[in-house]
Every structure is written in structure tokens, then in C-alpha cells.
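Colleague: Okay, structure incoming, though there's no sequence with it:
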């Protein structure tokens, strides 16, 4: 199922949809997923989308607004906040640094690293 999610990050992956795919209740799915992956399902999807956005910034030519929307962010400022928390710099700064902008942070579940933000990026 993880590969299915990774291959279709643009889909709407609600907890109920993921639980149905796993043939588990939402509660059991959340617990099992978190125990095996180290982060909750939505945090996992958010992290993958941010990593894809980072790759698009380095290797693509899209505008940051387009990248923000593709990452599931409601606004470019939502991507800025999420990116700052995850990578320690804005998307524009990340792009300007080039192909080797910084050592990527060690894995940390995104839900813990981002906390609450007013605008959402899921």
C-alpha cells in the first residue's frame, strides 16, 4: 500500500480510504501504520509531498506557486511555512542554493516536526 500511495501522491488519501485499502478500521489502521512507518498516514503523505516539492525546486522549472499546489498546499505561504520547518529555509532559498543545498534532516515524523500551522499543506 505504501507504494500505491507514493505512486499517486496527488490523490486524496483520506484515513477512511487508506483503512479500507488495508481492510482495517480507521483506528487500527492509524495505530499499525504509525507503529510500522514511524509517523501517521497524513504526516507520511505530507513528508513525501514536501520531498517531491524539494526535488521539483532543484530539478524543475515550475513556479513556486505551481509546486505549492502540487504539494497539496493551500497557498505558497503554506509551503513556505512547511518548508521552513522541514528544511530550515524557504523554497526560494532552497532553489537558489542549487543541487546540493544542505544536508537533508534526518528522518523525523512530519507531524512532530511541523506542529500546528494555520494554513494547511497535506
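Modeller: Here it is on my side, so go on. Note that this is a predicted model, so its numbers are computed, not measured. Numbers count the residues shown, from 1 in each chain.
Colleague: Tell me where the protein is predicted with low confidence.
Modeller: Applying pLDDT under 70 to the chain picks out residues 99-122.
Colleague: Quick check, central residue of it?
Modeller: residue 46 (2.3 Å; CA atoms, centre = their mean).
Colleague: That residue contacts residue 78, correct?
Modeller: No: using CB atoms under 8 Å, residue 46 is not in contact with residue 78; the gap is 11.0 Å. C-betas here are computed from N, CA, C, even on glycine.
Colleague: quick one on the thing from earlier: and the residue nearest to the centre of the chain, how close does it get to residue 4?
Modeller: 17 Å (CB to CB, to the nearest Å).
Colleague: check contacts around residue 30.
Modeller: Residues in contact with residue 30, defined by CB atoms under 8 Å, 6 or more residues apart in numbering, are 15, 19, 40-41.
Colleague: residues of the longest helix anywhere in the chain that come out buried?
Modeller: Determined from DSSP state H, the single longest helix within the chain is helix 41-59. Neighbour counts over helix 41-59 (16 or more other CB atoms under 10 Å) mark 41-54, 56-57 as buried.
Colleague: ok, back up a step: between the contacts of residue 30, which sits nearest residue 97?
Modeller: residue 40 (29.8 Å; CB to CB).
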